[in-house]
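Engineer: fold the following and give me the result.
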Amino acid sequence: MAEALVSTILQQITTIICEGALEEARLLRGVKEDLRNLKNNLTSIRALLKDAEEKQISDEPVKLWLDRLREESINMEDALDEWRTVLLYRRTDGVEENVSFFQRKVHVFLRCFSFHPVRYRGIACNIKEINGRLDKIVEDKVRYQLTSMPINKLPRQEESKSFIDESSLLGRDDVKNEIISHLLCETGKEEEGGSIQTISVVGIGGIGKTALAQLVYNDENVKQHFTCRVWTCVSDIFDESKVAKSIIVALQGLDKLPILQLESVPLDALLDKICKSIKGKKYLLVLDDVWTEKDKDFEGLNATFKCGDLGSRILVTTRKSTVATIMASSHTIQLNYLSRETCWSIIRNIALRGKDQRTCEEFRPIGLKIAEKCKGLPLVAKTLGGLLRFKTGIQGWENVLNSGLWRMEMVQKDVFVPLLLSYYDLPSPVRQCFTYLAIAPKDKPFYIFDLISHWMAQGFLDFDDDDDSLLELKGFEYFQCLKAHCFFQDFEYKHQHLICKIHDLVHDFALFLTRGEFMTLEISKGNTSSTMNKERTLRHLTVTVEKGLYFPEFIHDAEKLRSVLCYGDLNGNYATISEKAMCNLFNQARCLRLVDTTCYDGSTIPEEIRNLLHLRYLDLANSENLKKLPKALFRLYNLEHLCLYGCYNLERLPDEIGNLLNLKLLHTKGCNKLACYPKEVVRLTRLTQLLGLIVRIDRDDPEEFSIGDLAKLNKLLVLSMKIVGNTINVGEAKKVKLQNLQEVKILVDGDIAEAEHVILESLNMSSVPRHSFQTDYHMLNGFNAPRNEW
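Structural biologist: Got it, this is the predicted structure:
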């Protein structure tokens, strides 16, 4: 991670020098020399960082040295980002004086917000102080005997599918058949007394319990035997009401609206609903990943389960044998470690896929030695297969086998060695993207392009200033690299867009690597818990809030936060954040680059948002009380992502929105009170996704965004718009040539008589993939994938 961060800083310094930014502060003595000194120091240290990152696992002094370097590098990155932002304000002020259309409004606005030379001086002093501390860190590097190592590059991606077919699990056929035989066996005498046979599968994380249960659950004989099947993930924090709601959803296939209606239903009523739903039916219930060891947690559910017909079964997966006992399991199956031969088969199927038998036999001796390192865990074997897939020849496999990481007892205990090998095999920028996965709540699927947009906001993606419109493609390339190393699982398409999860072990590994930079705070009735340690400065915070509760009004140690994400519970409920909490957050966490919250309950965004100079990503979806946007919001020139989806009381978009020159996504779908878009939106020429646009199609209006104005937004990939007007001004429409557009949806608001194809032909969009007039454009948690096939 430090390697990628240092590279980013070097890129920033080069950009500042090349742009002549130092001339803007020519009165500040020593700044230019400080930056050149910084560049020389970081250049000399960058080649050593790969070796340092590998040694830090077993060498505490190296770890502490790297932590110091990373801390000061992040501080320097923020200082340089502030410098460039100040420069952006000054230059925009000058440029806009020559643009007649916006000359008066923008010039007055920027003049009011202009930066005094004192601001430059403060930044310069900060750079000098940080540089002094970095000098000492660089001097200390000689103590650790670090050697220069080559920087990894992205591996070439195959065109064919990269996922292994898991319809069958190697080495688990006997266990699978045993479980199925217990599920399909005849009714026993104990069941006649009302008991339900429970089969528990016990094993450590990564041994394949869930995959085995999925295999059994989808077996054709099992499907035909049971009237209904229910799958629910219980996870480590047990909540009987949540489990009950999950079961009801699985039984009845409810969508989000009824799920929300279940929130006010008491537990007894939920259990009664389950009882009525399964009464007289022979059901299979899978309770995946059960952790609780308290008998009383399942009292109500166990009584309810007896309402089913004879022959019903419960299948439990757990890491704890005590869970099988408290569940009164009729059969407990301890999932054993896989044999070395089976682990080798898993590795071979991934690493040597498509190779002939002779090649596989050549690699078999070294492959068996590596398989021994899997400790019988299929997840580890799968991860190693993903790593070895990109190693050239037997020598490449030998290097993996002989890595010093295998000798680290602490890492061996935690089964992180293979994950570390894959991690260090990643290119440095991709490593940053991987560790960011620690911010995701466990067991929560995420949209791929939502993840990529977060990477963009953090500055993790390499970019070219001359063409940053392809950042999403770069992010997808990084994702493909992580996918090829088998860090993701449970892929599926939802609403035509790809979602996936990460295994709990992979999530724990990401937390292990970041050691305190990420924290998850869970707020529920009678319980507030967090995963946190104090080894490093807190940088990224995820808060999950149960319905009826609020985001905390004050966050400790928030001064250096870069990300704040606020989620509702797993039943689809939104979290709520108050105006006071938002105001305090903006005052505390001035380094924020990403704010992703839902259901903000204020009528306007606090003016304190002006403090967030570094902000790139702001998502306030479903903030139903939001009516006005403050002018301070439109002084945030770094903002790239603004989502106001579902803010249906929002009254207008101010003219000042045209000042957000770096904006790449604007989402106002569901803002039903918006009557028009301001003309100034034409200035947002970096937009790649514009969702909820209101466009006048009958004339070129001097105040409202009109159809001809689309011609200036030529980087658009995704467009969702509502047409206003009773006729089409064909002359204006013909100006539009959105050659990069890949997805479009049009909603007609008026009495336009022309058919859809006429409108699209007028806009030069007849060949663009699109949703129908009747289908709503789906909001993907802040990000919409520009290509359905992705």
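Engineer: so what's the residue nearest the centre of the chain closest to, chain neighbours aside?
Structural biologist: Nearest residue to the geometric centre of the chain (Cα atoms, centre = their mean): Leu451, 3.2 Å. Leaving aside its sequence neighbours, Leu451 sits nearest to Phe479 (Cβ to Cβ, 6 or more residues apart in numbering; 7.2 Å). C-beta: built from backbone N, CA, C; applies to glycine.
Engineer: equivalent analysis for Leu38, please.
Structural biologist: Computed as Cβ to Cβ, 6+ apart, the closest residue to Leu38 that is not its neighbour in sequence is Asn131, at 5.1 Å.
Engineer: ok, that neighbour - contacts?
Structural biologist: Taking Cβ atoms under 8 Å, 6 or more residues apart in numbering as the criterion, Asn131 is in contact with 34, 37-38, 76.
Engineer: picking that back up, local confidence estimate at the residue nearest to the centre of the chain?
Structural biologist: Leu451 is assigned 93 on the pLDDT scale.
Engineer: neighbours of Lys735, how many?
Structural biologist: The local packing of Lys735 (other Cβ atoms under 10 Å) involves 17 other residues.
Engineer: and it, what element?
Structural biologist: Assigned by DSSP states H and E, Lys735 belongs to neither a helix nor a strand.
Engineer: did I read that right, Met721 in a strand?
Structural biologist: Yes: checked against DSSP: H, G, I helix; E, B strand; the rest coil, Met721 lies within a strand.
Engineer: chain neighbours aside, what residue packs nearest to it?
Structural biologist: Met721's closest residue in space is Leu693 (Cβ to Cβ, 6+ apart), at 3.9 Å.
Engineer: tell me the contacts of the residue nearest to Leu451?
Structural biologist: 433, 448, 451-452.
Engineer: of the residues you listed, closest to Gln496?
Structural biologist: Comparing the contacts of Phe479 against Gln496 with Cβ to Cβ places Ile448 closest, at 12.3 Å.
Engineer: distance of the residue nearest to Trp406 when sequence neighbours are not counted relative to Tyr424?
Structural biologist: Using Cβ to Cβ, 6+ apart and skipping residues adjacent in sequence, the residue nearest Trp406 is Val417, 5.6 Å away. Distance of Val417 to Tyr424, given as Cβ to Cβ, to the nearest Å: 11 Å.
Engineer: just Trp65 next, same as before
Structural biologist: Trp65 is 18 Å from Tyr424, by Cβ to Cβ.
Engineer: quick one: which of these two has more around it?
Structural biologist: Neighbour count, other Cβ under 10 Å: between Trp65 and Tyr424, Trp65 has more, with 21 against 18.
Engineer: contacting residues for the more buried one?
Structural biologist: Counting by Cβ under 8 Å, 6+ apart, Trp65 has contacts 52, 137, 140-141, 143-144.
Engineer: pLDDT and neighbour count added to those, as JSON lines?
Structural biologist: JSON lines is the format used below for these (pLDDT from 0 to 100; neighbours: other Cβ atoms under 10 Å):
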{"residue": "Ala52", "pLDDT": "80", "neighbour count": "22"}
{"residue": "Ile137", "pLDDT": "82", "neighbour count": "18"}
{"residue": "Asp140", "pLDDT": "80", "neighbour count": "14"}
{"residue": "Lys141", "pLDDT": "79", "neighbour count": "18"}
{"residue": "Arg143", "pLDDT": "80", "neighbour count": "10"}
{"residue": "Tyr144", "pLDDT": "77", "neighbour count": "17"}
